[in-house]
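Trainee: test case, fold it:
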Amino acid sequence: MIRIYHNNRCSKSRATLALLEGRDVEVVNYLDTPPDAAELKHLLKLLGIPARQLLRNGEAVYAQLGLADPTLDEEALITAMVRHPILIERPIVVANGKAAIGRPPEAVLEIL
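Mentor: Model prediction:
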């Protein structure tokens, strides 16, 4: 089973989903059904990156919340993403015990 954390309004997310066509895919519209803190921590572990690298720093809420502050720890950044899922980089694909961010969309092919 492949899972994609998807935002249909995002062209990269739509392109990544198109690459997965014909496979058994669970689509999680993460803006409607945001991951909780435990799920985000699990995704970060699979991705092998710190929370800061999963943040979309171009979103208005990023600046509003002062998330550029380097003193913010992992918990604070994860809490911000749980409360404001628009901050989560997309799309994220999970397959075979691994995860990848679809930027570019072809990056997810490495874990299939």
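Trainee: could you use CA atoms for every contact and neighbour count after this?
Mentor: Will do.
Trainee: pLDDT score for L109?
Mentor: pLDDT, L109: 95.
Trainee: mind checking the SS state of it?
Mentor: When classified by DSSP: H, G, I helix; E, B strand; the rest coil, L109 comes out as helix.
Trainee: list the contacts of I88.
Mentor: 54-56, 81 (Cα atoms under 8 Å, 6 or more residues apart in numbering).
Trainee: domain boundaries for the protein, per the record?
Mentor: 1-30+90-112, 34-88 (automatic domain parsing).
Trainee: which of those sits most buried?
Mentor: domain 1-30+90-112 (a mean of 17; mean count of other Cα atoms under 10 Å).
Trainee: what distance separates it from the centre of its chain?
Mentor: Taking Cα atoms, centre = their mean, to the nearest Å, one finds domain 1-30+90-112 lying 10 Å from the centre of the chain it belongs to.
Trainee: if we can go back for a sec, closest to N29 among the contacts of I88?
Mentor: Closest approach between the contacts of I88 and N29, by Cα to Cα: M81, at 14.6 Å.
Trainee: the closest one: helix or strand, and which one exactly?
Mentor: Assigned by DSSP states H and E, M81 falls within helix 74-83.
Trainee: need the next SSE after that helix, C-terminal direction.
Mentor: Using DSSP H and E, the first helix or strand after helix 74-83 is strand 92-95.
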